[in-house]
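# structure for this input, please:
(2 chains)
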Amino acid sequence: DTGVSQNPRHKITKRGQNVTFRCDPISEHNRLYWYRQTLGQGPEFLTYFQNEAQLEKSRLLSDRFSAERPKGSFSTLEIQRTEQGDSAMYLCASSSGLAGVYEQYFGPGTRLTVT
Amino acid sequence: AQTVTQSQPEMSVQEAETVTLSCTYDTSESDYYLFWYKQPPSRQMILVIRQEAYKQQNATENRFSVNFQKAAKSFSLKISDSQLGDAAMYFCAFQGGSEKLVFGKGTKLTVNP
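This is a model prediction of the structure:
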């Protein structure tokens, strides 16, 4: 049973460019979550999916951010027109939701640096 | 909105000793979960322990245990027989009716040999 994987692990981009990150959850986990973590802070929730349905979005998720989970398996997070304030670690997590318990297992993250 | 407060930005402990990390939270919900996560330097977040609010018994996982005081909205983590590998950032997290996790700012734990 492999864990949550994220690609790329690091991304450096210039301000104004678009970037896309991918997350592959633990197999058979129907729930997938995205968080953002800046230096010295705890992760902040961005959005989550149950299968392919996006059920909740944070107000942190501006119009420049979009997430998809087209077939209920992997997910992508796209940031358009990146800004320096987008520099952060982007974390993905998944859970099975079995027995109403939503323990979340995290991937290694994608560190984004916007120059 | 729920908030989670970790009042100790940094803690240190001698190897083999016991240390307690503090966490308080604020919520109007009665049914929720609390978690402690460990994040080693440059490594991914690992779930340490989970507590269901409806359970009065404190959760225990090997050397890790919690002191859950629901009325006081307090959820501390005790690490016994500390090991060098316990050095990490520790995050307390709340999960209520929404499945999202609300995290505290973390406590950096240093283990001295």
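# ok, and the closest non-adjacent residue to B:Phe99?
Actually, residue B:99 is Glu. It isn't Phe. A:Tyr102 (4.8 Å; CB to CB, 6 or more residues apart in numbering or on different chains). Any C-beta I mention is one placed from the backbone N, CA and C, and that applies to glycine too.
# so that neighbour makes contact with B:Gln95?
Yes: contact criterion CB atoms under 8 Å: A:Tyr102 and B:Gln95 qualify, at 6.4 Å.
# which residues does the residue in chain B positioned nearest to chain A contact?
Chain A sits closest to B:Phe103 of chain B, with a gap of 3.1 Å, by CB to the nearest CB. B:Phe103 sits next to A:42-44, B:4, B:37, B:91-93 when contact means CB atoms under 8 Å, 6 or more residues apart in numbering or on different chains.
# please redo it, this time with the cut-off set to 10 Å
Going by CB atoms under 10 Å, 6 or more residues apart in numbering or on different chains, B:Phe103 touches A:35, A:37, A:41-45, B:4, B:6, B:35, B:37, B:45, B:91-94.
# quick check: the residue of chain A nearest chain B.
For chain A, CB to the nearest CB, closest residue to chain B: A:Gly42, 3.1 Å.
# tell me how many other residues surround that residue.
22 (other CB atoms under 10 Å in any protein chain shown).
# once you drop chain neighbours, what's closest to it?
B:Phe103 (3.1 Å).
# list the beta-bridge partners for that neighbour.
B:Ala93 (DSSP bridges).
# from A:Arg22, how far out is it?
Distance from B:Phe103 to A:Arg22, counting by CB to CB, to the nearest Å: 23 Å.
# then A:Thr2?
For A:Thr2, the distance to A:Arg22 - CB to CB - is 15 Å.
# near chain B, which residues of chain A show up?
A:3-4, A:6, A:31, A:33, A:35, A:37, A:40-48, A:50, A:55-56, A:58, A:91, A:93, A:95, A:97, A:100-109, A:111 (CB under 10 Å from any CB of the partner chain).
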